[in-house]
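Participant: Sharing a model that was predicted from the sequence below.
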Amino acid sequence: MITTTTPAVPKAAARTKVLQRQGAAVALVLMVAVSWLVFPRFGSLDNLRDLALQGSFLAVIAIGMTFVIITGGIDLSVGSLYALGGVLAAWGSQYGFLAALALPLVVCGAIGLINGLLIARTNMAPFIVTLASLLFARGLLLAITDEGANTYKIATDSAFVELGRGTVLGFGYPIFIAAVLAVLGGMILNRTSFGQNVFATGGAEQSAILLGVPVAKTKIVVYTMSGTLAGLAGALTAAYLQSGVTVIGVGLELDAISVVVIGGTLLTGGMGTILGTVIGVGLIKVIQNVINQIGTLDSNYQSVVSGVFLLIVVVLQRILRR
């Protein structure tokens, strides 16, 4: 009689995938449970609504960033495009709802398209290209607002305000918009040929080219998507604040990268999920909310905690890949 034993390597690989995909979810559940017990106000419906609303703006940007990072790239321009989108939406609101929504999507999407073309067609480093776009978008923003001296307001009776302040069962429209985009992003990533091209581009670009994968086209599309979603997030924020605030979005690109990586997407590309990114957004926002609940801690500790979390996750990813 011949007996066989199951190799340990496949089991270890399976455990690694589970840790990468569910580690952030476990951390989020533990954080919510502990916060709910320690801080009575944390579990209040009003606090949970605010938590979801604040996370929705970052989630919209992070969805686009997920696609970019899975291809092995990076997009440093999203923070400036977010601010630019808000100002353009506020300025365009005087011409109606469609102008307020379309203007930031078109302009920010065009900048994302240029990023993608430069990266895909000239093989320039994504870091350099998107850093240049960051500076360009921030400079354009300052030029439009006369170096921040002009703040464009959105009339309170404007239909565009409803996009940011309207609610369904007490939850703001941006929450539902972010949820719909997350579902669509997950379906595109996992159930379409384009999604497979995204994974192939980040997993082994040269092999993907040899196999006929349209790597250049894939990169152009994901950077265009990232820019467009950053503009949309800015427009939603402008509708919520009823103005185009010029100082927002500074460092937001780092927050977007952080939540994507914390959610299990590899910085080196080839692996990631939209669900993981959403969980990463939730985890960071819960941590920030807890720090605010404590009250005695400076808000700067939010950045400290986010940085520590990111460092831990990156180190764990390298260990798990080995």
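Facilitator: Noted; the coordinates are in hand. Just so we're clear, the structure is a prediction, and the values are computed from it rather than from any experiment.

Participant: what number of residues lie near residue 156?
Facilitator: Using other Cβ atoms under 10 Å, residue 156 is surrounded by 8 other residues. C-beta: built from backbone N, CA, C; applies to glycine.

Participant: hmm, I was thinking of residue 40
Facilitator: Residues near residue 40, counting by other Cβ under 10 Å: 9.

Participant: and what of residue 99?
Facilitator: Neighbour tally, residue 99, other Cβ under 10 Å: 15.

Participant: Could you check how far the residue nearest to it when sequence neighbours are not counted is from residue 238?
Facilitator: Distance criterion Cβ to Cβ, 6 or more residues apart in numbering; nearest residue to residue 99, sequence neighbours excluded, is residue 92 at 4.1 Å. Look at residue 92 and residue 238: by Cβ to Cβ, to the nearest Å, they are 10 Å apart.

Participant: again with residue 130
Facilitator: Using Cβ to Cβ, one gets 23 Å for the distance from residue 130 to residue 238.

Participant: With residue 307 instead?
Facilitator: From residue 307 to residue 238 the distance is 29 Å (Cβ to Cβ).

Participant: Show me where the stretch 201-322 of the chain dips below the pLDDT cut-off.
Facilitator: Scanning the stretch 201-322 of the chain with the threshold set as pLDDT under 70 gives 295-302, 306, 309-310, 313-314, 316-322.

Participant: any idea where the helices of it begin and end?
Facilitator: Under the criterion DSSP state H, counting those that start in this stretch, the stretch 201-322 of the chain carries helices at the ranges 205-210, 215-241, 252-262, 274-294, 301-321.

Participant: Would you mind giving those as CSV with mean neighbour count added?
Facilitator: Listed next are the helices of the stretch 201-322 of the chain as CSV, based on neighbours: other Cβ atoms under 10 Å:
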stretch, mean neighbour count
helix 205-210, 13
helix 215-241, 26
helix 252-262, 25
helix 274-294, 22
helix 301-321, 15
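
Participant: can you list these in a markdown table and add distance to residue 140?
Facilitator: Converted to a markdown table, these look like this (distance: least, Cβ to Cβ, whole Å):
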| stretch | distance to residue 140 |
| --- | --- |
| helix 205-210 | 32 |
| helix 215-241 | 12 |
| helix 252-262 | 16 |
| helix 274-294 | 27 |
| helix 301-321 | 27 |
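
Participant: looking at those helices, which is closest to residue 53?
Facilitator: Relative to residue 53, the nearest member of the helices of the stretch 201-322 of the chain by Cβ to Cβ is helix 215-241, separated by 7.9 Å.
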